[in-house]
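*Asks:* for reference, the sequence and a predicted model appear below.
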Amino acid sequence: MLEKLSLDGKTIVITGGGTGLGRDMAVSMAKAGADLAIASRRQGPIDETAALVRAEGRRAIAVSTDVTDSSQVQNLFDKTLAEFGKVDVLFNNAGIVRGQGSIPIWDISDDEWRIGIDTNLTGAFYCSRAIAKHMIDRGGGKIVSVASGFGFRGGRDNYMYTCGKGGVVQLTRTLTTSMSRYGIIATCIAPGYIPTEGTAASNDTLPRGEFIPIGRVGYPQEMGPLAVFLASDSSDYMNGEVFVIDGGGLAGGFAPTGYAPEIPLEI
C-alpha cells in the first residue's frame, strides 16, 4: 500500500513554491521521490526551495514566473519539458492575499481587483491550459489546485481573494468534467487558516485558534502529506473533489460556524 504513495519517477510543477505552503509541499513531494520545477515571481526563494529539493537527492529547477502573464507561464513549461521531458503533475498553488487588511468595496481599484483575480484564478487557468495537451498526449496527468475555505464562504470586505478562490474550486470541477475522458484527474485543496509569510499583513481579518473547532491554527508542514497523496497513484479514483484541511472550520457548514466574530459588525 505504501508503494502507491511513492512519487519516484514523477515530475511535478508547483507554482508559488518559494515560501509558505508551496515550499513545504515541494519538499514533501521531493522526500516522496519527485523531481520538481518550482515557480514563483521572486528568484531567491525558489532557488532556496530548489536547494532543499536537491538536498533530498532529487532534481529541481527554479523558474521565475509571474503566473498572470501567459508568456511567462509558457516559458515555465518549456523549460520544464526541456529539463525533464515530461510533466506528470501540476500544482496550482500561486496565490495572493494582497498584503493588506479588509477594504470596503468602494475603495477597491480596478488594478487591485485584476491583480487579485488574475493571481488567484487566472494563473491557475493559464498553467492548466499550458500543460493540458502535453498530459493528454502522454495519456494523462494530474492537476491539483489550492483554493481556500474562503472559496466556499464570503469574507467581510474580502472580495478578490474569496472570488478568486471560489473560481479555483469551479475551475477544478470544470477540468474534471472536461478532461477526465483524456485521463487527466483534477482535484483541489482548501486550506483553512495556516499562518505564512503571505498572510502576515492580513491577520486582522483571519481567525485565531480559539475560533477553530480543533483549537489551533494549521501548520504549513501539515500540507505536505496531503500534497503527496494527491500527486500519487493512491488518489487515482479521487477526481473533482475538494480536500478541506482546516481543523474543522467548515464543519458547521459553509455559513459561519457560530463562533463570535472578532471584527465588530459596523460600517
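*Replies:* Looks like it arrived, so ask away.

*Asks:* which helix or which strand is home to the closest residue in space to residue 126 that isn't next to it in sequence?
*Replies:* Nearest non-adjacent residue to residue 126, counting by CB to CB, 6 or more residues apart in numbering: residue 73, 4.5 Å away. In short, each C-beta sits where N, CA and C put it, glycine included. Element membership for residue 73 (DSSP states H and E) is helix 70-84.

*Asks:* what's in contact with that helix?
*Replies:* 11, 13, 15, 35, 37, 39, 59, 61, 63, 65-67, 87, 123, 126-127, 130-131, 134 (CB atoms under 8 Å, 6 or more residues apart in numbering).

*Asks:* could you pick out the buried ones from those?
*Replies:* Neighbour counting with 16 or more other CB atoms under 10 Å marks 11, 13, 15, 35, 37, 39, 61, 63, 65-67, 87, 123, 126-127, 130-131 as buried within those.

*Asks:* just those residues: which are in strands?
*Replies:* 11, 13, 15, 35, 37, 39, 61, 63 (DSSP state E).

*Asks:* contacts only, for the nearest residue to the fourth one once chain neighbours are set aside.
*Replies:* Using CB to CB, 6+ apart and skipping the chain neighbours, the partner closest in space to residue 35 is residue 59 (4.2 Å). Shown here is residue 59, whose contacts under the criterion CB under 8 Å, 6+ apart are 35, 36, 53, 83, 84.

*Asks:* can you read off the pLDDT for residue 216?
*Replies:* pLDDT for residue 216: 89.

*Asks:* where along the stretch 51-200 of the chain do the helices fall?
*Replies:* Secondary structure of the stretch 51-200 of the chain (DSSP state H, counting those that start in this stretch): helices located at 70-84, 110-117, 123-138, 160-179.

*Asks:* among these, which is nearest residue 104?
*Replies:* helix 110-117 (12.0 Å; CB to CB).

*Asks:* from the chain's centre, how far out does the strand ranked longest in the chain sit?
*Replies:* Taking DSSP E as the criterion, the chain has its longest strand at strand 184-191. Centre-to-centre, strand 184-191 and its host chain are 9 Å apart (CA atoms, centre = their mean, to the nearest Å).

*Asks:* tell me the buried residues in the helix or strand that it is followed by?
*Replies:* Helices and strands here follow DSSP H and E; after strand 184-191, the next one along the chain is helix 223-231. Across helix 223-231, burial judged by 16+ other CB under 10 Å covers 223, 224, 226, 227, 228, 229, 230, 231.

*Asks:* over to stretch 232-248?
*Replies:* Neighbour counts over stretch 232-248 (16+ other CB under 10 Å) mark 232, 234, 235, 239, 241, 242, 243, 244, 245, 246, 247 as buried.
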